[in-house]
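>>> Generate a structure from the sequence data that follows.
(one chain, ligands or ions: 1)
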Amino acid sequence: MRSVWVLGDQLHRGIGALTAARPETDRIVIVESAGKIASRPWHVQRAHFIVASMRRFALSLREDGFDVDYRLAPTLREGLLGHLAETNPDALVVTEPNSRTARNLAVEIGAEQVRSNQFLCHPDDFASFAEGRRSMKMEDFYRWQRRRLGYLMDGDEPVGGQWNFDADNRKPPPRDGSSPWPAPPVAEADDLDRDVLASLPSTCTGAAPSGTWATSRDGALERLTHFIERVLPMFGPHEDAMLSGNWHLAHSMLSPYLNNGLLLPDEVLGAAHGAFREGRVPLNSAEGFIRQVLGWREWVWNLYWAYGPNYASSNALGAVRPLPPAFTGRASTRMRCVGAALHDVDQRGWAHHIQRLMVLGNLALTSGIDPQQFTRWMWDSFVDAAEWVMVPNVIGMSLHADGGRMATKPYASGGAYIDRMSDYCASCPYDRTKRTGDDACPFTTLYWDFLLRHSEQFVRNPRIAAQVRSAERLADAAAVRARAADVGRLLDAGRL
Ligand code: SF4
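Below you'll find the predicted structure:
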């Protein structure tokens, strides 16, 4: 008998080593590591989602006739060594793990690694994209992906004559107060959920699960169908909008299932592409969503491997501020935008990409929060997090801590951007138009202070040089710096 080791983010019969596994010839080993679960203040919904999905997947494999050794062990390593000692398999095989740590463990214990199909662009394929390029851009990668895989293509040209519909997809929220996006399905808790929750350590944080996240293949497929049929047709226009009264808008919320394997990218993309071809989804919505999955997600995955293990410790802007107490529930905040995003994270272990990038990440960037602390907080707090997701997205995209390898400009903005894309500012005690004074919007103050602090680094960057020169011409630069110092102290003290 061979043993097939299945990791907690590879929960699909169609992934790598499991594809060819048969009950007559293969035993399955899945390890639930108590040490890993207790090692961090994971959001309870993240911990529940991962563990419940693993246990349900083990049950489904047993229903398919497999002998499944589902092990509770102090560590992943100990669980695997225990399995090997007890079963003495002819061979141990595993789909290429999605983290360096697990790949190193696979090498250490002599597991044969089977090529992963959990992403449509394997790092070997990415090498052929990157070869000979002096600079790598997501947009080039995305077009390369579309051409070679045939999504939204008309021969060698994009359907509709355009690669990008961002101009149609960056509208502010509806100003008439309407909120037309249907809420996602809710899962009923069962005994397995209750057992998982009872087994989680007290180190977990956040609100208990309320059924937002499915933990089975059937549940993930139900979410996919809901998104394609009811939400995707209105996905595009308000993709970057934020609303206090609606946490989900038209977001797919499929990333947790893509990232733990309950869904595969080709089935998600195929469903979206099919709905477009059948005329049920407009092109701008189909393109915006396909760009996220085929472009951004695969781009981030490949940068994680391409940039190497030292990338995670980058800190090009020398940011050293500790994580503010408002992020860990030790304080609240009066900033409406930040409070809303942190509330969503607490309630569901999730906030959408603009809240992540332009509210939480923007605050971390402009106030100079330590990139490694912020990365770790994001990884602990989000249900769809993984090292490969968070390291490039936070270090490169959000905090510019890699000196601009991933993003050609820092994603810093003042209150004006947040005001345009949300309804937060109207009910906020801060004034988004002010950069000095006790009621100045912290984002506006920190934005100008950020440009002043890092003017030497950015003044030759054509994408942000004009803003840097504007900052250098500010008559009240000294007052901005003084207010920014106050904002930093209030942030640190949990009184902002
Ligand atoms: Fe956020 Fe500033 Fe707007 Fe308040 S005024 S919601 S702090 S952007």
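>>> Tell me if I'm right that N302 and C121 touch.
Yes - applying C-beta atoms under 8 Å as the test, N302 and C121 come out as touching, 6.1 Å apart. Where you see a C-beta, it was placed from the backbone N, CA and C, and this is true even at glycine.
>>> Might you enumerate the residues of this structure proximal to the ligand?
With the criterion set to C-beta under 6 Å from any ligand atom, the chain comes near the ligand through 335-337, 415, 418-419, 424-425, 428, 430, 432, 441-443.
>>> Contacts for the strand or helix carrying A478 next, please.
Assignment of secondary structure by DSSP states H and E places A478 within helix 477-493. The contact list for helix 477-493 (C-beta atoms under 8 Å, 6 or more residues apart in numbering) reads 321-322, 324-326, 331, 367-368, 435-437, 440, 442, 445-446, 448-449, 452, 471, 474, 496.
>>> Which of the residues of the chain next to the ligand sits closest to N169?
Comparing the residues of the chain next to the ligand against N169 with C-beta to C-beta places I418 closest, at 18.0 Å.
>>> Helix, strand or coil: sort out the closest one for me.
Judged by DSSP: H, G, I helix; E, B strand; the rest coil, the three-state class of I418 is helix.
>>> residues in contact with it?
By C-beta under 8 Å, 6+ apart, the neighbours of I418 are 242, 337, 358-359, 424-425, 432, 443.
>>> same for the longest helix along the chain, what does it pack against?
Longest helix in the chain, counting residues (DSSP state H): helix 44-63. Helix 44-63 makes packing contacts with strand 26-33, strand 67-73, helix 191-199, helix 255-260 when contacts are defined by 3 or more C-beta pairs under 8 Å, 6 or more residues apart in numbering; DSSP states H and E.
>>> let's see it at 6 Å
Counting contacts by 3 or more C-beta pairs under 6 Å, 6 or more residues apart in numbering; DSSP states H and E, helix 44-63 is packed against strand 26-33, strand 67-73, helix 191-199.
>>> right, so those: which one is the most enclosed?
strand 26-33 (a mean of 21; mean count of other C-beta atoms under 10 Å).
>>> pLDDT averaged over the helix or strand following that one - what is it?
Remark: after strand 26-33, the chain's next helix or strand is helix 34-38, criterion DSSP H and E. Averaged across helix 34-38, pLDDT comes to 93.
>>> And for helix 34-38, what's in contact with it?
Applying C-beta atoms under 6 Å, 6 or more residues apart in numbering, the contact partners of helix 34-38 are 47, 74-75, 201, 203.
>>> buried set for the helix or strand of the chain with the lowest mean pLDDT?
Least confident element among the helices and strands of the chain, by mean pLDDT, DSSP states H and E: helix 166-169 (a mean of 74). Across helix 166-169, burial judged by 16 or more other C-beta atoms under 10 Å covers 168-169.
>>> how far is that helix from where the chain is centred?
With C-alpha atoms, centre = their mean, to the nearest Å as the basis, helix 166-169 stands 22 Å off its chain's centre.
>>> Just read off the phi/psi values of I369.
Phi and psi for I369, reported as degrees, to the nearest 10, are phi -80, psi 140.
>>> gap between the closest residue in space to it that isn't next to it in sequence and A340?
Distances taken as C-beta to C-beta, 6 or more residues apart in numbering place R321 nearest to I369, at 4.8 Å, with adjacent residues excluded. As for R321, its distance to A340 is 22 Å (criterion: C-beta to C-beta, to the nearest Å).
>>> okay, the two: which has more neighbours?
Between R321 and A340, counted using other C-beta atoms under 10 Å, the more crowded position is A340 (23 against 15).
>>> what pLDDT does that one get?
Note on A340: pLDDT of 95.
>>> which other residues reach the least confident helix or strand of the chain?
Identification of contacts with helix 166-169 by C-beta under 6 Å, 6+ apart yields 236, 239, 284, 288.
>>> Need those residues in TSV (columns: pLDDT).
Below are the contacts of helix 166-169 laid out as TSV (pLDDT from 0 to 100):
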residue	pLDDT
G236	73
E239	78
N284	91
G288	92
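>>> mind listing what T445 touches?
Residues near T445 by C-beta under 6 Å, 6+ apart: 435, 483-484, 487.
>>> Now for the residue in the stretch 1-150 of the chain that the ligand sits nearest to, how many residues are close by?
Nearest residue of the stretch 1-150 of the chain to the ligand (C-beta to the nearest ligand atom) works out as H43 at 23.2 Å. For H43, the count of nearby residues is 24 (other C-beta under 10 Å).
>>> any idea how far it is from H343?
Separation of H43 from H343 (C-beta to C-beta) stands at 13 Å.
>>> Show me which of the residues of the chain next to the ligand are buried.
335-337, 415, 418-419, 424-425, 428, 430, 432, 441-443.
>>> closest to L317 among these?
F443 (17.3 Å).
>>> For the closest one, which non-adjacent residue is closest in space?
Closest to F443 by C-beta to C-beta, 6+ apart is G415, at 4.5 Å.
>>> Contacts only, for the one you found.
Contacts were defined as C-beta under 6 Å, 6+ apart; by that measure G415 touches 432, 441, 443-444.
>>> can you redo those as a markdown table with secondary structure and distance to R230?
Shown next, in a markdown table, are the contacts of G415 (DSSP: H, G, I helix; E, B strand; the rest coil; distance: C-beta to C-beta, whole Å):
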| residue | secondary structure | distance to R230 |
| --- | --- | --- |
| R432 | coil | 34 |
| C441 | coil | 36 |
| F443 | helix | 34 |
| T444 | helix | 38 |
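>>> Pick out the most distant pair among these.
By the measure C-beta to C-beta, R432 and F443 form the most distant pair in the contacts of G415, at 7.3 Å.
>>> what number of residues lie near M253?
21.
>>> who's in contact with it?
Residues in contact with M253 (C-beta under 6 Å, 6+ apart) are P184.
>>> Wait, a helix at A351?
No - applying three-state DSSP, one finds A351 to be coil, outside a helix.
>>> wait, doesn't it sit right on A341?
Yes - with contact defined as C-beta atoms under 6 Å, A351 counts as touching A341 (4.9 Å).
>>> Can you pull the residues that touch both of those two?
Shared contacts of A351 and A341, defined by C-beta under 6 Å, 6+ apart, are absent.
>>> Just give the nearest non-adjacent residue to N461, would you?
K409 (6.1 Å).
>>> Just say helix, strand or coil for the one you found.
Here K409 is recorded as coil under three-state DSSP.
>>> Next: Q373.
Under three-state DSSP, Q373 comes out as helix.
>>> Count the neighbours of it for me.
17.
>>> With E267 instead?
Neighbours of E267 under the rule other C-beta under 10 Å: 15.
>>> For the remainder of this discussion, apply numbering that starts at 157.
All right, first residue 157 from here; so that's E423.
>>> Can you say which helix or strand has it in it?
Per DSSP H and E: E423 is located in helix 421-433.
>>> Buried residues, that helix. List them.
Under the neighbour-count criterion of 16+ other C-beta under 10 Å, helix 421-433 has 421-422, 424-425, 427-429, 431-432 buried.
>>> Can you tell me which of those residues lies closest to G317?
Nearest to G317 among the buried residues of helix 421-433, counting by C-beta to C-beta, is F432 at 15.2 Å.
>>> hang on, the closest one packs against G444?
No - applying C-beta under 6 Å, one finds F432 not in contact with G444, separated by 11.2 Å.
>>> List the residues that are in contact with both of the two.
By C-beta under 6 Å, 6+ apart, F432 and G444 have no common neighbours.
>>> where do the strands sit along the stretch 257-406 of the chain?
For the stretch 257-406 of the chain, strands defined by DSSP state E, counting those that start in this stretch occupy the ranges 268-270, 309-310, 313-314.
>>> wouldn't W337 be in contact with S408 here?
No - W337 is not in contact with S408 according to C-beta under 6 Å; the separation is 11.2 Å.
>>> out of these two, which sits in the more crowded spot?
Neighbour totals were compared for W337 and S408, and S408 leads with 23 against 17 (other C-beta under 10 Å).
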